[in-house]
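Participant: Quick one, what's the 3D model for this:
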Amino acid sequence: RAFHLSDFPGIDGGGEADCTRGLQQAIDHIKRDHAYGVLLVPQGRYRISGTVYIPKAIRIIGYGPGRPVFYLPGHTPGFDVPSQGDKGGYQYMFWFTDRLVEAGEPVRDAGPGTFYAAISNIDFEVGPGNPYAVALRCHFAQHSFVSHCDFHIGEGMAGIFDVGNEMQDVHFYGGAYGITSTKPS
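Facilitator: Modelled structure (predicted):
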């Protein structure tokens with residue numbers, strides 16, 4: 001089942017409004033009400049100010065004459081300090097998880113049982129002053145992938161952390177690393 005980003009309020013691809021909460025609500029709605037689905041994102045610039053969690057069986061796919069861009073503005077609070085208790089110590093723009101992340105509950109990282117999650121045809125940008133920023137945390141497995149993405153990491157840490165099952169046509173620019181990993185799925 002496919003859903004268009006315009007089906008959900010609070011998400012503006014004009015580059016100024018913060019889309020973090022709206023994106024999370026759209027993803028959570030698809031997972032809660034349909035168990036799985038594809039969120040289609042049109043060309044535009046989408047500002048992110050915190051982590052967006054993507055549970056298993058959710059795919060985010062960009063379309064249009066140019067790829068959509070998710071960007072982290074310069075000096076975004078929280079992305080300038082290490083994350084306490086995280087195995088990498090990083091802060092993530094997007095984090096693939098095993099299930100929905102509920103308020104007050106710990107995040108359950110994607111793992112060998114996290115199937116069918118993906119992100120494709122979307123680019124990522126990290127603004128200056130975000131040294132612990134990582135675009136994607138991808139500890140997923142079976143039938144999950146990252147494809148057709150450019151990562152403009154700038155002064156950030158990496159484009160991808162703990163890459164899982166498959167990647168293709170990905171390009172990394174800047175950053176301390178393109179890909180960094182501890183123990184992938």
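
Participant: mind listing what Ala158 touches?
Facilitator: The contact partners of Ala158, by C-beta atoms under 8 Å, 6 or more residues apart in numbering, come to Tyr90, Val134, Ala135, Gly175, Ala176, Tyr177, Gly178, Ile179, Thr180. (Glycine included, C-beta is placed from N, CA and C.)

Participant: Tell me who's in contact with the fourth one.
Facilitator: Residues counted as contacts of Gly175 (C-beta under 8 Å, 6+ apart) are Val126, Phe151, Ile153, Gly154, Glu155, Gly156, Met157, Ala158, Gly159.

Participant: For the residue nearest in space to the middle of the chain, grab phi and psi.
Facilitator: In the chain, the residue lying closest to the centroid (C-alpha atoms, centre = their mean) is Phe94, at 2.5 Å. Dihedral angles of Phe94 (phi, psi; degrees, to the nearest 10) stand at phi -130, psi 140.

Participant: give the contact list for it.
Facilitator: So Phe94 contacts Thr51, Val52, Tyr53, Ile54, Phe70, Ile119, Ala135, Leu136, Arg137 (C-beta under 8 Å, 6+ apart).

Participant: circling back: so which of the contacts of Gly175 is the closest to His4?
Facilitator: Taking C-beta to C-beta as the measure, His4 lies nearest Phe151 of the contacts of Gly175, at 24.9 Å.

Participant: Could you check the pLDDT of that closest one?
Facilitator: Here the pLDDT value assigned to Phe151 is 98.

Participant: and it, how many neighbours?
Facilitator: Residues near Phe151, counting by other C-beta atoms under 10 Å, number 25.

Participant: Helix, strand, or coil at it?
Facilitator: Of the three states, Phe151 takes strand under DSSP: H, G, I helix; E, B strand; the rest coil.

Participant: Please enumerate the helices of the chain.
Facilitator: Counting by DSSP state H, one finds helices in the chain at the ranges 20-34.

Participant: which stretches of it aren't confidently modelled?
Facilitator: Low-confidence segments of the chain (pLDDT under 70): 184-185.

Participant: can you do 90?
Facilitator: By pLDDT under 90, the weakly predicted segments of the chain are 9-10, 12, 15, 84-89, 102-106, 109-115, 139-143, 162-166, 181-185.

Participant: quick one on the thing from earlier: can you redo the contacts of Gly175 as JSON lines with distance to His34?
Facilitator: Output for the contacts of Gly175, formatted as JSON lines (distance: C-beta to C-beta, whole Å):
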{"residue": "Val126", "distance to His34": "31"}
{"residue": "Phe151", "distance to His34": "29"}
{"residue": "Ile153", "distance to His34": "33"}
{"residue": "Gly154", "distance to His34": "36"}
{"residue": "Glu155", "distance to His34": "38"}
{"residue": "Gly156", "distance to His34": "33"}
{"residue": "Met157", "distance to His34": "34"}
{"residue": "Ala158", "distance to His34": "32"}
{"residue": "Gly159", "distance to His34": "29"}
